[in-house]
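Peer 1: fold the following for me, if possible:
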Amino acid sequence: MDDRFNTAAGWVLFAGIIALGLSSISGKLFKSDRPENMGYPVEVADTAGGAAEMTVAQAMTMEGVDASKGEAVFAKCTACHTVEQGGANGIGPNLWGIMGKPIAGGAPGFAYSSALAEKGGNWDWDNMSEWLKSPRGFANGTKMSFAGLSKIEDRAAVMLYMNANGSSLAVPEFVEAVADEAVDDAAAGPGTVEGAPVDEVEAAGAMGAEQPVSEDLPAPDGE
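Peer 2: All right, here's what the predicted structure looks like:
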C-alpha cells in the first residue's frame, strides 16, 4: 500500500516539476513587455482638408469684431505701450497713428531693435497681423517679449482699434469668391443662329447651293 502511494506521489511530483519547467520555458520564449498604452494606434483622417487660415479681411466681417472689442484686447498691451496722441514711449513705442507707418520708424526717439529695423516695409494689415500673432516669429531677435495673439479675430479687432487712433489706413474689404457660371450665348458656336443677321456673301452662297426637293412634289416635265 505504501509502495503504491509513494509511486503515485512520485508521479504527481514529477508531473508538477515538468509543468513548472514547461511554464518557465514558454514564458521565456513568448515573453512580451506590456505596452505603456494599451490598444492599437488609429490614424484619423484630417477633416479640415488643409483649409487655409482665415484672412484679416474675412475676420473683420465676424460679429463683434470692431474697435471697441479691440480696445478690450489692447488692455494686454498697455503695460508696455501707450496709444493716445502725444503718449510717452515706454518699454515699447507709443502707437498713435502706427497703422501705415514704416516698421521700426513709427515713434520718433524710440530705440527699435535691429531685428525689427531690418524688416523694412510698413505696418499694413498683413504685417501687423503677423507681428501681433508672434513678434519673435515676425522678427527673430526682437526685444518684445509678448507671446502674441493666436486668434485672428482678436488681432483684427486690435488693428481696427489702433487704426481708429490716429491712422486712416483703408480697411480691407472681404469679397467672397463666387464660382464662374457658364453663360449661354445665343450667337456663340458654329453655324448660323436663327434671327442673327446674314451677310450678302453668305446669302449668295446659300442661293447657289442645291436645294432639297420633297418626294411628295410632282416631277418637272421631261423627267
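Peer 1: just say helix, strand or coil for the nearest residue to Leu95 once chain neighbours are set aside.
Peer 2: The spatial neighbour of Leu95 that comes closest, neighbours along the chain excluded (Cβ to Cβ, 6 or more residues apart in numbering), is Val83 at 4.7 Å. Glycine gets a C-beta too; all of them are placed from N, C-alpha and C. Secondary structure, DSSP: H, G, I helix; E, B strand; the rest coil: Val83 is coil.
Peer 1: burial count for Val83?
Peer 2: Residues within reach of Val83, counting by other Cβ atoms under 10 Å, total 19.
Peer 1: please apply the same query to Gly166.
Peer 2: Gly166 is flanked by 17 other residues according to other Cβ under 10 Å.
Peer 1: quick thing: my sequence starts at 311, can you match it?
Peer 2: From this message on, residue numbering opens at 311, which makes the last subject Gly476.
Peer 1: tell me the pLDDT at it?
Peer 2: Listed pLDDT for Gly476 reads 95.
Peer 1: right, and it touches Gln395 too?
Peer 2: Yes: assessed by Cβ atoms under 8 Å, Gly476 is found in contact with Gln395 at 6.0 Å.
Peer 1: what residues are shared contacts of these two?
Peer 2: With contacts taken as Cβ atoms under 8 Å, 6 or more residues apart in numbering, Gly476 and Gln395 have 406-407 as neighbours in common.
Peer 1: what's in contact with stretch 374-391?
Peer 2: 369, 393, 400-405, 454, 456, 459, 463-464, 466-474.
Peer 1: selecting buried members of the residues you listed in PyMOL, what would you type?
Peer 2: A single PyMOL command suffices to select whichever of the contacts of stretch 374-391 are buried according to 16 or more other Cβ atoms under 10 Å:
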select buried, resi 369+393+402+403+404+405+454+456+459+463+464+466+467+468+469+470+471+472+473+474
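Peer 1: find the nearest non-adjacent residue to Trp406, please.
Peer 2: That would be Gly476: by Cβ to Cβ, 6+ apart, it lies 4.3 Å from Trp406.
Peer 1: contacting residues for Ala425?
Peer 2: By Cβ under 8 Å, 6+ apart, the contact list for Ala425 reads 449-452.
Peer 1: let's see which of those end up in helices.
Peer 2: Among the contacts of Ala425, no member is found in helices (DSSP state H).
Peer 1: now the buried members of those.
Peer 2: The neighbour count (16+ other Cβ under 10 Å) marks 449, 452 as buried among the contacts of Ala425.
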